[in-house]
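*Asks:* Quick check, what structure comes out for this input:
(2 chains)
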Amino acid sequence: MSGQDARHGQRRRRAGRLWVQRLGFLLLGLAAVVVVAPILVVVVGIVARGIGTVDWEFLSAMPRAGMKEGGILPAIVGTLLLTLGTALVAVPVGVGGAVYLAEYARDTAFTRAIRLAIVNLAGIPSIVYGLFGLGMFVLFLRFGTSILAGSLTLAIMTLPVVISTSEEALRAVPTEFRTVAASLGGTRWQGVRTVVLPQALPGIITGVLLGLLRAAGETAPILFTVAAFYLPQLPRSPLDQTMALPYHLYVISTQVPGMPAGVQNGTAFVLLALVLLLNFAAAWIRRHFRRRRPW
Amino acid sequence: MSEARVSTTQVGTTQVGQTQVSKASVRELTYSYAGAQEPALARVSLELPEKAITVLFGPAGGGKTTLLRLINRLNDLVEGTSRSGQVLLDGQDIYAAGVDVAALRRQVGMVFALPLPLPGSIRYNVVYGPRLAGVRDRARLEELTERSLRRAALWEEVKDRLEASAFSLSGGQQQRLCIARSLSLEPEVLLLDEPTSGLDPISTAKVEGSLLALKESCTIVIVPHSVQQAARIADRAAFLLGGELLEVGDGQQVFTSPLQKRTEDYITGRFG
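*Replies:* Residues are numbered from 1 along each chain as shown, chains lettered A, B, ... in the order given. A predicted model of the protein is given here:
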């Protein structure tokens, strides 16, 4: 083979590799589109059809005429209260558990069992949490169908997410910082409190908000534990029932004949907006903390 | 404080000219990490004279860092290790039951190879240790900040920007900040693990200068980042090879006329 032929062959092989690379990029791009496209369709569809219904009255009034008219205030307030209740339980317990697992626990059969339980909890269908909540909180502990029972149920469902993301955030803090704190006469807890937790905080907050987002949008766990079909008043105590956005959406979409599509789309829009707002809050908090605490 | 004994039973070790008072003593220390075939330290015995610089030198993997970290029990954080032998500080076994490890570490400070400032201001870093120890008095903290930064030869460079982030300092300044951070606890012993390994010659000279000043008030144990550095600052020198202490003696003597062939080979650059 002459030198020219060899060069020619090299060029052709390079062209072939380039072609394979282009095909690879194309397939990866398609995969991304397949993931994003349905979300965009749903979001755009709901916003386009729902935003016309959403005005001040829709957000601030009680439902009227069998929920076909008026607003969805009790459902909004109910969802906000349930999310708050969930946070009050899931954040201290979840972050506390994560600190224990990441900073204190040794690798024993006991901690392996805990980790296994957390992974399994994350995989349980939400309706099972709903039934557990009914049996445990509503009936056995006699909380009745109430915000308390609903929040506790949602909190248990949220815990695995909070624990595993928080633990990951804590483990991402380099060991050297713990060593530095120890070398300066800090106890293990002092090191965790002053050095590790502040640096893991953005990750923890993100995990907490992601967990709460899921809780805010769930229907099944609140079905038997708190949600009211139609209750045009605001709750006055944690032992009251309340309407909630996901359940309300389910009700007006499937249980009430002749429901105007505007109300359905409007409710879906409000739920979506609430969830997206929390999501943006998570992203903002993460960026904010990263700026303030450079490595 | 115990008088250093000249002829403790030391295998394969030669000691020369011990007249100083010993601040800390390592006695027959053997130490292994989990899963390791060979111990990281094997029957190491060493006296650390007070208000002097002892250098621990030798090729990588010789156990220098391990020995350093055992002197203030930092290796307590490592799981699955085994240890026999003693480390005495002022004659007291630091591994005895009931020793307050946090208090021990305030007494025996540590500076690491990489500067590791904590996220926060320069001032925050310097007084981190005293504040954990419960010092709340503002005037006292101010005083500690200035004195520690002066002793670490950093005060003049940062006195006008104590509130600035510790990360705004150069690498050499960060390392001196870490030294100041250890000094703010007013330790009696200061352990340094290759504190100048990431620094340029000028920063290195500043750090070495502050160490020479510090030995007036402090017992210093350092793993140097080169033989040259070891020779420059050593009052006493200990040569560690494969977890064994091969030779220990007066700094001048070890670096000019070592008793062991392998020490000489290492110093003259024939291996390592």
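*Asks:* Could I get the contacting residues of B:E163?
*Replies:* By CB atoms under 8 Å, 6 or more residues apart in numbering or on different chains, the residues touching B:E163 are B:121-123. C-beta coordinates here come from the backbone N, C-alpha and C atoms, glycine included.
*Asks:* In PyMOL, how would I select just the buried ones from these?
*Replies:* This is the PyMOL syntax for the buried subset of those, where burial follows 16 or more other CB atoms under 10 Å in any protein chain shown:
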select buried, chain B and resi 121+122+123
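*Asks:* Run a quick neighbour tally on B:R161.
*Replies:* 13 (other CB atoms under 10 Å in any protein chain shown).
*Asks:* where does it land in three-state SS?
*Replies:* coil (DSSP: H, G, I helix; E, B strand; the rest coil).
*Asks:* hey, C-alpha coordinates of stretch A:68-84 in CSV?
*Replies:* C-alpha atoms of stretch A:68-84 as CSV (Å, rounded to 0.1, in the frame of the first residue of the first chain):
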residue,chain,number,x,y,z
LYS,A,68,-69.5,24.4,39.6
GLU,A,69,-69.2,28.0,40.5
GLY,A,70,-67.3,30.2,42.9
GLY,A,71,-63.7,29.6,43.9
ILE,A,72,-61.4,26.9,45.3
LEU,A,73,-60.0,28.8,48.4
PRO,A,74,-60.6,25.9,50.9
ALA,A,75,-58.8,23.5,48.6
ILE,A,76,-55.8,25.9,48.3
VAL,A,77,-55.7,26.6,52.0
GLY,A,78,-56.1,22.9,52.7
THR,A,79,-53.2,21.9,50.5
LEU,A,80,-51.0,24.7,52.0
LEU,A,81,-51.8,23.5,55.6
LEU,A,82,-51.2,19.9,54.7
THR,A,83,-47.8,20.7,53.2
LEU,A,84,-46.9,22.8,56.2
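*Asks:* how far out from the middle of the chain is that stretch?
*Replies:* For stretch A:68-84, the separation from the chain centroid amounts to 19 Å (computed by CA atoms, centre = their mean, to the nearest Å).
*Asks:* in that stretch, what counts as buried?
*Replies:* Here stretch A:68-84 shows A:70-79, A:81-83 as buried, counting by 16+ other CB under 10 Å.
*Asks:* Can you give the contact residues for that stretch?
*Replies:* A:57-64, A:147, A:150-151, A:154, A:212, A:215-216, A:222, A:226-227, A:231-235, A:242-248, A:256, A:258-260, A:263, A:266-267, A:270-271, A:274.
*Asks:* Contact partners for residue 192?
*Replies:* Going with chain A. Contacts of A:V192 by CB under 8 Å, 6+ apart are A:99, A:103, A:178.
*Asks:* right idea, wrong chain: chain B
*Replies:* Counted by CB under 8 Å, 6+ apart, B:L192 has contacts B:110-111, B:179, B:211, B:220-223.
*Asks:* if you set the cut-off to 6 Å instead, what comes out?
*Replies:* Counting by CB atoms under 6 Å, 6 or more residues apart in numbering or on different chains, B:L192 makes contact with B:111, B:222.
*Asks:* does it count as helix, strand or coil?
*Replies:* Assignment for B:L192 (three-state DSSP): strand.
*Asks:* What's the mean pLDDT across the host helix or strand of A:F280?
*Replies:* Using DSSP states H and E, A:F280 maps to helix A:261-292. Helix A:261-292 comes out with an average pLDDT of 80.
*Asks:* Packing partners of that helix?
*Replies:* Judged by 3 or more CB pairs under 6 Å, 6 or more residues apart in numbering or on different chains; DSSP states H and E, the packing partners of helix A:261-292 are helix A:3-50, helix A:197-217, helix A:245-254.
*Asks:* how about a markdown table for those helices, with mean pLDDT and mean neighbour count added?
*Replies:* Converted to a markdown table, these look like this (pLDDT from 0 to 100; neighbours: other CB atoms under 10 Å in any protein chain shown):
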| stretch | mean pLDDT | mean neighbour count |
| --- | --- | --- |
| helix A:3-50 | 86 | 11 |
| helix A:197-217 | 88 | 21 |
| helix A:245-254 | 86 | 21 |
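*Asks:* need these in TSV with distance to B:T30, can you?
*Replies:* As requested, these are arranged in TSV below (distance: least, CB to CB, whole Å):
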stretch	distance to B:T30
helix A:3-50	55
helix A:197-217	37
helix A:245-254	64
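*Asks:* among the contacts of A:V192, who's most crowded?
*Replies:* A:V99 (22 neighbours).
*Asks:* outside of the helix or strand where B:L240 lies, which residues touch it?
*Replies:* Under the criterion of DSSP H and E, B:L240 resides in strand B:236-241. Contacting residues not belonging to strand B:236-241 are listed as B:46, B:54-56, B:58, B:62-64, B:245-248, B:251, B:254, B:263 [CB under 6 Å, 6+ apart].
*Asks:* Which of the residues you listed fall in helices?
*Replies:* Taking DSSP state H, the ones among the contacts of strand B:236-241 that sit in helices are B:64, B:251, B:254, B:263.
*Asks:* so which two of the residues you listed are the farthest from each other?
*Replies:* B:K64 and B:G251 (15.8 Å; CB to CB).
*Asks:* Drop anything exposed from the contacts of strand B:236-241.
*Replies:* B:46, B:54-56, B:58, B:62-64, B:245-248, B:251, B:254, B:263.
*Asks:* Quick check: end-to-end length of stretch B:108-115?
*Replies:* End-to-end span of stretch B:108-115 (CA to CA, to the nearest Å): 18 Å.
*Asks:* Please identify the one among the contacts of strand B:236-241 that lies nearest to B:G172.
*Replies:* Lowest distance from B:G172 to the contacts of strand B:236-241 (CB to CB) belongs to B:V55, with 20.4 Å.
*Asks:* dump the residue contacts of that closest one.
*Replies:* B:222, B:224, B:230, B:234, B:237 are the contacts of B:V55 under CB under 6 Å, 6+ apart.
*Asks:* what's the closest of the buried residues of stretch A:68-84 to chain B?
*Replies:* In terms of CB to the nearest CB, no member of the buried residues of stretch A:68-84 lies closer to chain B than A:T83, at 30.8 Å.
*Asks:* where's the closest one relative to A:L271, distance?
*Replies:* Look at A:T83 and A:L271: by CB to CB, to the nearest Å, they are 12 Å apart.
*Asks:* could you pull out the helices for chain B?
*Replies:* Using DSSP H, helices in chain B cover B:64-71, B:101-107, B:122-126, B:128-132, B:138-151, B:155-158, B:171-183, B:201-214, B:227-233, B:251-256, B:261-267.
*Asks:* Next, the angle from the fifth one to helix B:201-214.
*Replies:* Helix B:138-151 and helix B:201-214 are oriented at 120 degrees to each other (axes from the mean of the first three to the mean of the last three CA atoms, to 10 degrees).
*Asks:* what's next to helix B:138-151, contact-wise?
*Replies:* B:123, B:126-127, B:130, B:155, B:180, B:183-184.
*Asks:* buried residues in that helix?
*Replies:* B:141, B:144-145, B:147-151.
*Asks:* again with the second one
*Replies:* Neighbour-count burial for helix B:101-107, counted by 16+ other CB under 10 Å, picks out B:101-102, B:104-107.
*Asks:* restrict those residues to contacts with chain A.
*Replies:* B:102, B:105-106 (CB under 6 Å from any CB of the partner chain).
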